[in-house]
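K.L.:
sharing a sequence plus its predicted fold:
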Amino acid sequence: MGISRLLLMMVGAALLTLGGRASEPIPTNEPWLELPQANQRVAVDGSLVLDQPPSSVQQLVLHIPAGGPRINYGTIHTKVNTEATDVAMKSASGLDGMVLNVDLTGAGGFPMLPGRNSIELEFQDQFGRAKYYNFLLDFSSSSSSLKGRGFETIPTSPVPEKRAGRLFAVVIGISHYTKGDGQINDLQFADRDATAMLDFLKSPAGGGVSDQDALLLLNGDATAENIRHALFSFLTKPQEQDTVVIYIAGHGAPDPLDSRNLYLITSDTKPDDMGGTAFPMWQLQDVFERVLKAKRVLTFADTCHSYGFSGARAGAGAKRANNLVNQYLQRYASKGQRAVITASDISESSFEDAKWGEGHGVFTYFLLRGLKGEADLNHDGTVTAGELFTYLKQSVPQATAGKQNPRAMVGIDNGLTVSTLARKNAGLEFPALLPAKKHPAYRDGP
């Protein structure tokens, strides 16, 4: 008996899942991920918590069992943390199926990072049917809660870069989903979060954005068509010297019918027709690379309020795929002199509650507090992107007992000015934070 088949038959080491589900054996008819250095394996849409340094994992082995339709070999693709790793992959096939070896040290390197890491596999069978699978590796326990969320090298007191030109803003907040037919969970405070964010941007500290240079889309106005207009038409106005702020509060999720495809769920999204009624996340890449001329772009996204869908979305017993929306948003939005901060880590839930500012998402609550002065770590009257993230990666996990961890991309323009303050408001003490309390609309990620 081949060793691959033997491994598939073993009920091996327990898998630790991010949502706290009980461990379960790996199905023999689905691909699975092997970590030779850690002597561990991960099931499809599963996740493994590793209490060891990320650098200890230098090889990934993906197993595709035999027995199903034949694979079109030219369509096999792998990704690590959204980056294609085909150039570092070697394949071999046998009676037990196909084995894909991914060398994380090859082709310039695809290192594991502190926090959560994604591995994706896709291919087509002989009939042209697309197959997609993903896995998560979590190294959170190998570093402190204030390190390792993809951004541990930010200086706490970067030199501020002064704003020039005009300030433009697109602010989106969706609490109510009119076409969901009960399958999309409404939110309590996403619209309130967006309104509060725009109010701050209109203030002197926020840059004093004018009405003509700001676009606010709330609830029923935040349709797929209107969001597309905001991002593809309105954002053609800012010029190279201007500053743009994009703020999004709502649901972001994979298509329940095809988890390869990630979407911002708009107010008119139909769960059974996300391709036709939601906003594709991959189109954000076009916005940042082809539409925006402004070099200075600040993106704040509170888009992973669990999965957004009720249990009726895909039938009884259906599994929930890992949610990589935030990770892909970071990749698309972090080009050039641009800062992107998302509310939570890969596949984490974002929390909202009336206790935070009488009704806010926890991320936006502390985002606003940071912008208004608490994030000014060096007391110079200016909050930079680096200072803001340093503040958020302490305050949000502390307020949620470590269950929600904001993320930013390495390469964020940490000196980019995000607010300017009167000196008396600078460097306020960190607040006494409260533990998280979820609204019933939320469910933990997997």
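P.N.:
The structure has been received and is ready for your questions. Keep in mind the model is a prediction, meaning the values are calculated, not measured. Numbers count the residues shown, from 1 in each chain.
K.L.:
quick check: buried residues in stretch 165-178?
P.N.:
166-175, 177 (16 or more other Cβ atoms under 10 Å). For every residue, glycine as well, the C-beta is placed using N, CA and C.
K.L.:
for residue 334, state which of those is nearest.
P.N.:
Closest to residue 334 out of the buried residues of stretch 165-178 is residue 170 (17.2 Å), distances taken as Cβ to Cβ.
K.L.:
neighbours of residue 211, how many?
P.N.:
9 (other Cβ atoms under 10 Å).
K.L.:
pull the contacting residues for residue 29.
P.N.:
65, 67-68 (Cβ atoms under 8 Å, 6 or more residues apart in numbering).
K.L.:
surely it is in a helix?
P.N.:
No - counting by DSSP: H, G, I helix; E, B strand; the rest coil, residue 29 is not found in a helix; it is coil.
K.L.:
let's verify the nearest residue to residue 386 once chain neighbours are set aside: helix, strand, or coil?
P.N.:
Spatially, and ignoring its direct neighbours in sequence, residue 386 is nearest to residue 414 (2.9 Å; Cβ to Cβ, 6 or more residues apart in numbering). The local conformation at residue 414, judged by three-state DSSP, is coil.
K.L.:
residue 414 reaches residue 377, doesn't it?
P.N.:
No - at 11.7 Å, residue 414 and residue 377 do not qualify as touching, with contact defined as Cβ atoms under 8 Å.
K.L.:
so for those two, which sits in the more crowded spot?
P.N.:
Set side by side, residue 414 and residue 377 show more neighbours around residue 414, with 24 against 20, by other Cβ under 10 Å.
K.L.:
how close does the more buried one get to residue 398?
P.N.:
21 Å (Cβ to Cβ, to the nearest Å).
K.L.:
let's verify the one residue sitting closest to the centre of the chain: helix, strand, or coil?
P.N.:
Nearest residue to the geometric centre of the chain (Cα atoms, centre = their mean): residue 326, 1.3 Å. Three-state call for residue 326 (three-state DSSP): helix.
K.L.:
please enumerate the helices of the stretch 201-350 of the chain.
P.N.:
224-232, 274-277, 283-286, 325-333 (DSSP state H, counting those that start in this stretch).
K.L.:
which stretches of the chain aren't confidently modelled?
P.N.:
1-27, 141-159, 305-321, 335-337, 409-412, 422-446 (pLDDT under 70).
K.L.:
domain ranges for it?
P.N.:
Listed domain ranges for the chain are 3-142, 167-425 (source: automatic domain parsing).
K.L.:
switch these over to CSV; also include distance to residue 160.
P.N.:
CSV is the format used below for those (distance: least, Cβ to Cβ, whole Å):
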stretch, distance to residue 160
domain 3-142, 27
domain 167-425, 4
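K.L.:
among these, which is the most enclosed?
P.N.:
Mean neighbours per residue, mean count of other Cβ atoms under 10 Å, is largest over the domains of the chain for domain 167-425, with a mean of 21.
K.L.:
residue contacts, the closest residue to residue 160 other than its chain neighbours?
P.N.:
Take residue 160 and drop its neighbours on the chain: the residue closest to it by Cβ to Cβ, 6+ apart is residue 382, 4.3 Å away. For residue 382, the contact set (Cβ under 8 Å, 6+ apart) comprises 160, 376, 417, 419-421.
K.L.:
give me that answer again for 6 Å
P.N.:
With contact taken as Cβ atoms under 6 Å, 6 or more residues apart in numbering, residue 382 is in contact with 160, 417, 420.
K.L.:
what's across from the second one in the sheet?
P.N.:
Same thing as residue 417. residue 384 (DSSP bridges).
K.L.:
show me where the stretch 1-150 of the chain has helices.
P.N.:
3-9.
K.L.:
which parts of it are strands?
P.N.:
Secondary structure of the stretch 1-150 of the chain (DSSP state E, counting those that start in this stretch): strands at 32-35, 40-43, 47-49, 59-65, 71-80, 83-84, 89-94, 97-103, 116-125, 130-138.
K.L.:
tabulate those (a markdown table), appending distance to residue 242.
P.N.:
Shown next, in a markdown table, are the strands of the stretch 1-150 of the chain (distance: least, Cβ to Cβ, whole Å):
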| stretch | distance to residue 242 |
| --- | --- |
| strand 32-35 | 44 |
| strand 40-43 | 45 |
| strand 47-49 | 41 |
| strand 59-65 | 42 |
| strand 71-80 | 34 |
| strand 83-84 | 30 |
| strand 89-94 | 42 |
| strand 97-103 | 42 |
| strand 116-125 | 34 |
| strand 130-138 | 37 |
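K.L.:
ok, which of these comes nearest residue 189?
P.N.:
Closest approach to residue 189 among those (Cβ to Cβ): strand 116-125, 25.4 Å.
K.L.:
packing partners of the closest one?
P.N.:
Applying 3 or more Cβ pairs under 6 Å, 6 or more residues apart in numbering; DSSP states H and E, one finds that strand 116-125 makes contact with strand 71-80, strand 130-138.
K.L.:
residue 298: which of those is closest?
P.N.:
Closest to residue 298 of the helices and strands packed on strand 116-125, according to Cβ to Cβ: strand 71-80, at 26.8 Å.
K.L.:
so how far is the closest one from its chain's centroid?
P.N.:
Here strand 71-80 is found 24 Å from its chain centre; the criterion is Cα atoms, centre = their mean, to the nearest Å.
K.L.:
so what's residue 182 up against?
P.N.:
Residue 182 touches nothing, counting by Cβ under 6 Å, 6+ apart.
K.L.:
look up how far residue 265 lies from it.
P.N.:
As judged by Cβ to Cβ, residue 182 and residue 265 stand 14 Å apart.
K.L.:
which stretches of the stretch 201-350 of the chain form strands?
P.N.:
Here the stretch 201-350 of the chain has its strands, by DSSP E, counting those that start in this stretch, at 214-218, 243-249, 252-255, 258-264, 279-280, 296-302, 338-342.
K.L.:
neighbouring strands - and their directions - for the third one?
P.N.:
Based on DSSP bridges, the pairing partners of strand 252-255 within the sheet are strand 258-264 (antiparallel).
K.L.:
the partner strand vs strand 116-125, what angle?
P.N.:
Calculated by axes from the mean of the first three to the mean of the last three Cα atoms, to 10 degrees, strand 258-264 forms an angle of 130 degrees with strand 116-125.
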